[in-house]
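Visitor: Next input, structure requested:
(chains A and B)
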Amino acid sequence: MKENIKISPIKEMEIRSSRILNVVSLAQGIPSFDTPLCIKNKAIEAIQDGRVARYSLSPGILELREAIEYSLAKRNIFYDFEKEIIVTAGSIEAITASFLAILEPGDEVLIPDPTYTSYQSSIKTARGVPIFVPLDEENDWSFNIEEFKKRITPKTKAILYCNPNNPTGTVYSRQQLMQLAEIAQIHNLYILADEVYKDFIYSKEDFFSLAQFSALRKRFIYIFSFSKSYAMTGWRVAYLATDRALAEKILGVHDALVTCAPVVSQWGALAALEMADVQVEEYKEIFNERRNLLCEELDKLADWFEYQTPSSAYFVFPKMTNKLIIAFNKYESRKNAKQTSLKDYQKKSISWRFAIELLESAKVALVPGVAFGEKGENHLRFCFGRRKESIEEAMKRITKFIKLIS
Amino acid sequence: MKKFFKKIIQLYLKLLTKIILARHKPFVIAVAGTTNKTFVKETILNELGRGSDVRGNPKSFNTEIGLPLAVLFLPSGLASIFRWVDILLTGTCISIFSRKFPKVLVLEMGVDRIGDMKYLLSLVKPDIAIVTNIKRNFPGLKTTLDDIAKELTLLVEAIPKKGALVLNGDDARVKTLSSASRAKTILFGEDKSFKAVISKIEEDDAGQRFVFEYKKQRSFLETQRRGKHNIDALVIAKIVAMEIKESKNRKRR
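Guide: Sure thing, here's the model as predicted:
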């Protein structure tokens, strides 16, 4: 089992890039901003008041959970802060604790392909089996409901998705989500929804969450992280909300894993909900500008990359064109160099080989698309959460690299 | 330096608050307790009808700086000194020159430390006080639950005879506060001996339903929200609305 759980390719790319001088990274999904001052001040105040030195209650401080209930209620999502909301050490802890609570060894979990790399590890940690369900690339990477149905077996226990999706930036439609809910009800499955990017949607359409569909509540787990919306990736704080009975089960696992989320971060998260709306809007505007910049730069490389403009999150997930693949294959033959730093499974993947060569030759870190699932092969993930200057410099280097290989 | 500026801002806001309240004399409803203040405030505002005549704290402004901002209906300057200067200038104009002001203020009053309530009561004189609960938050605070109860006793004592006190009878600590009251006290909860009784709570996927009995009236209420605290919020709002109505009727007579 241990062999199956590898470090996420995103983190692997960051580790590799950290060893290279003058590298520009658009790999890991980290917002370029510092945490808003109002959040830092609240955390400092809590430290000075002596409110962070000890454990909080396992599900989290009451004030924060109450503020979470309040913020969810504004979106017509109703959970009892005392019994149905658990503050966790990042969303990945929420997901892993949930799986540890609901899965038996060998249970299968359906996840979209492509989607966030760490979901696989989280499922495997709970001795489950991730089953990829291909998304429909031709249709803006939306769900293909028939593909979900095809993969349901007696061992299927849950569906996990990220909405908006990482790495494609797709916002799943209300109609598709309701179809997924129907599948879950018919086949008695849990649904876990990670809505970490919900605050960065660039279209004006209403964002629908299955958490608003109360008939699903007993089989639904809502997850949100403060990491991206409030530039708090290092604070490791998120939460989950679910029906009381399920929350009780998950709380036991959460208690065993971490006792409680970092208390100083919980106070920061409270300030985020109470005071940082303005900053979230500012970030969204800036990300939108960066998205446009990155897309304009990719347009200049239209012969080499095809992409769909993401309607949310801060990733573009372009496909390498045949022309680029052929050129890169020839370049590898010309170079005749073995990439000894690659593991066997990475050598078989063009997106891995391209990403590593790009990193070593052009000093630009991207994430190979195959890391997000087989459907992601031939793609690369660009993060535009990084600084404008980094995006510009990365695109200059990529252009130069493409000239070199073509 | 930061502390010095904070103190100056605090004192100036206190002055502005006292001026505006002395000029307009609104009916003040104070919502206190460890949790559930915001839900209760919001539910009361919904029940009374939000508008120019009824106003509550924006967000959860409920501390020594937050409460005056709530009364003056101003945003927080957060860490920006320039924003604070602007806010204080606007506050001065509102406080001295404003002609329109709500007739009813629904204000959350947050108490973390000993002395907090005394300060908040030096700013506002509530006509009705609500205490939602006194709960254990988490170990580590210098203030104990008994300290919080003592602070809330100050609020209870401050309510005038003509006023009203709405207490959560299901919370043992809150229930004992009634002994300090000069005003009419309305205990609410699931005990049939209380003046306002909640019974037959049912819950399903759609939400919660329950029976509420007060002043010989029996009503069936429901909410999509979860948890007993949201039932409490609905009940409190109904009680407060009835008390205000009665108070108005008394004045007319």
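Visitor: Just say helix, strand or coil for residue A:265.
Guide: Here residue A:265 is recorded as helix under DSSP: H, G, I helix; E, B strand; the rest coil.
Visitor: So it sits against residue A:43, correct?
Guide: Yes: counting by CB atoms under 8 Å, residue A:43 is a contact partner of residue A:265 at 7.5 Å. From N, CA and C alone the C-beta is placed, and that goes for glycine too.
Visitor: Check the offset of the worst-scoring helix or strand of chain A on mean pLDDT from the chain's centre.
Guide: Counting by mean pLDDT, DSSP states H and E, the weakest-scoring helix or strand in chain A turns out to be helix A:344-347, with a mean of 76. Distance of helix A:344-347 from the chain centroid (CA atoms, centre = their mean, to the nearest Å) equals 24 Å.
Visitor: From the contact counts, what lies against it?
Guide: helix A:350-357 (3 or more CB pairs under 8 Å, 6 or more residues apart in numbering or on different chains; DSSP states H and E).
Visitor: Report the buried residues of the helix it packs on.
Guide: By 16 or more other CB atoms under 10 Å in any protein chain shown, the buried positions in helix A:350-357 come out as A:350-357.
Visitor: So which of those is the closest to residue B:72?
Guide: Nearest to residue B:72 among the buried residues of helix A:350-357: residue A:355, at 55.9 Å, using CB to CB.
Visitor: neighbours around the closest residue to that closest one other than its chain neighbours, how many?
Guide: What sits nearest to residue A:355 in space, not counting adjacent residues and going by CB to CB, 6 or more residues apart in numbering or on different chains, is residue A:368, at 4.2 Å. The number of residues packed near residue A:368 is 27, by other CB atoms under 10 Å in any protein chain shown.
Visitor: Quick check: bridge partners of residue A:368?
Guide: residue A:380 (DSSP bridges).
Visitor: what comes up buried for stretch A:363-375?
Guide: A:363-373, A:375.
Visitor: C-alpha coordinates for that stretch, CSV please?
Guide: The C-alpha trace of stretch A:363-375 is given here as CSV (Å, rounded to 0.1, in the frame of the first residue of the first chain):
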residue,chain,number,x,y,z
LYS,A,363,14.0,26.8,-16.2
VAL,A,364,10.2,27.0,-16.2
ALA,A,365,8.2,24.7,-13.9
LEU,A,366,4.8,23.5,-15.1
VAL,A,367,2.8,20.4,-14.1
PRO,A,368,2.6,17.6,-16.6
GLY,A,369,-1.1,17.0,-17.5
VAL,A,370,-0.9,13.2,-16.9
ALA,A,371,-0.5,14.0,-13.2
PHE,A,372,-4.2,14.8,-13.1
GLY,A,373,-5.3,11.5,-14.8
GLU,A,374,-4.8,9.8,-18.1
LYS,A,375,-7.0,12.2,-19.9
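Visitor: Averaged pLDDT, that stretch. What do you get?
Guide: The average pLDDT for stretch A:363-375 rounds to 94.
Visitor: Kindly report the same for stretch A:133-142.
Guide: On average, stretch A:133-142 scores 95.
Visitor: go on, stretch B:186-193?
Guide: Averaging pLDDT along stretch B:186-193 yields 96.
Visitor: got it, and stretch B:15-26?
Guide: Averaging pLDDT along stretch B:15-26 gives 94.
Visitor: what do you get for stretch A:53-63?
Guide: pLDDT averaged over stretch A:53-63 gives 93.
Visitor: so what's residue B:157 up against?
Guide: Counting by CB atoms under 8 Å, 6 or more residues apart in numbering or on different chains, residue B:157 makes contact with B:180-182.
Visitor: State which one residue of chain A is found closest to chain B.
Guide: residue A:80 (3.1 Å; CB to the nearest CB).
Visitor: Look up the pLDDT of that residue for me, please.
Guide: For residue A:80, the pLDDT comes out at 97.
Visitor: swap in the one 3 residues further on?
Guide: The score at residue A:83 is 97. That number is its pLDDT.
Visitor: neighbours of residue 127, just the number please.
Guide: If you meant another chain, say so; for now it's chain A. So residue A:127, with other CB under 10 Å, has 15 neighbours.
Visitor: wrong one, chain B
Guide: Residue B:127, neighbours per other CB under 10 Å, totals 21.
Visitor: Leaving out chain neighbours, which residue sits closest to it?
Guide: Counting by CB to CB, 6+ apart, the residue nearest residue B:127 is residue B:163, at 4.6 Å.
Visitor: Please report the distance of the one you found from chain A.
Guide: 27 Å (CB to the nearest CB, to the nearest Å).
Visitor: Report the contact partners of that residue.
Guide: B:126-129, B:183-184.
Visitor: Would you mind giving me the ChimeraX syntax to select the buried ones in those residues?
Guide: With 16+ other CB under 10 Å as the criterion, this ChimeraX line picks the buried residues out of the contacts of residue B:163:
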select /B:126,127,128,129,183,184
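Visitor: wait, which of the contacts of residue B:163 is closest to residue B:171?
Guide: residue B:129 (14.6 Å).
Visitor: wait, doesn't that closest one sit right on residue B:30?
Guide: Yes: using CB under 8 Å, residue B:129 makes contact with residue B:30 at a distance of 4.7 Å.
Visitor: which residues are common contacts for those two?
Guide: Joint contacts of residue B:129 and residue B:30 (CB under 8 Å, 6+ apart) are residue B:155.
Visitor: ok, residue B:231 - how many residues close by?
Guide: So residue B:231, with other CB under 10 Å, has 23 neighbours.
Visitor: in which helix or strand would I find it?
Guide: Using DSSP states H and E, residue B:231 sits in helix B:228-252.
Visitor: Just the buried residues of that helix, please?
Guide: Buried residues in helix B:228-252, counted by 16+ other CB under 10 Å: B:228-240, B:242-244, B:247.
Visitor: And the longest helix seen in chain A, what does it pack against?
Guide: Counting by DSSP state H, the longest helix found in chain A is helix A:277-299. Contacting helix A:277-299 under the criterion 3+ CB pairs under 8 Å, 6+ apart are the following elements: strand A:315-316, helix A:388-405.
Visitor: So which of these is the most surrounded?
Guide: strand A:315-316 (a mean of 24; mean count of other CB atoms under 10 Å in any protein chain shown).
Visitor: in chain B, which spans are helices?
Guide: For chain B, applying DSSP H gives helices covering B:2-24, B:37-48, B:66-72, B:81-97, B:116-123, B:145-158, B:172-176, B:228-252.
Visitor: Next, the angle helix B:37-48 makes with the longest one.
Guide: Going back to what we said before, that points to helix B:228-252. Counting by axes from the mean of the first three to the mean of the last three CA atoms, to 10 degrees, helix B:228-252 lies at 50 degrees to helix B:37-48.
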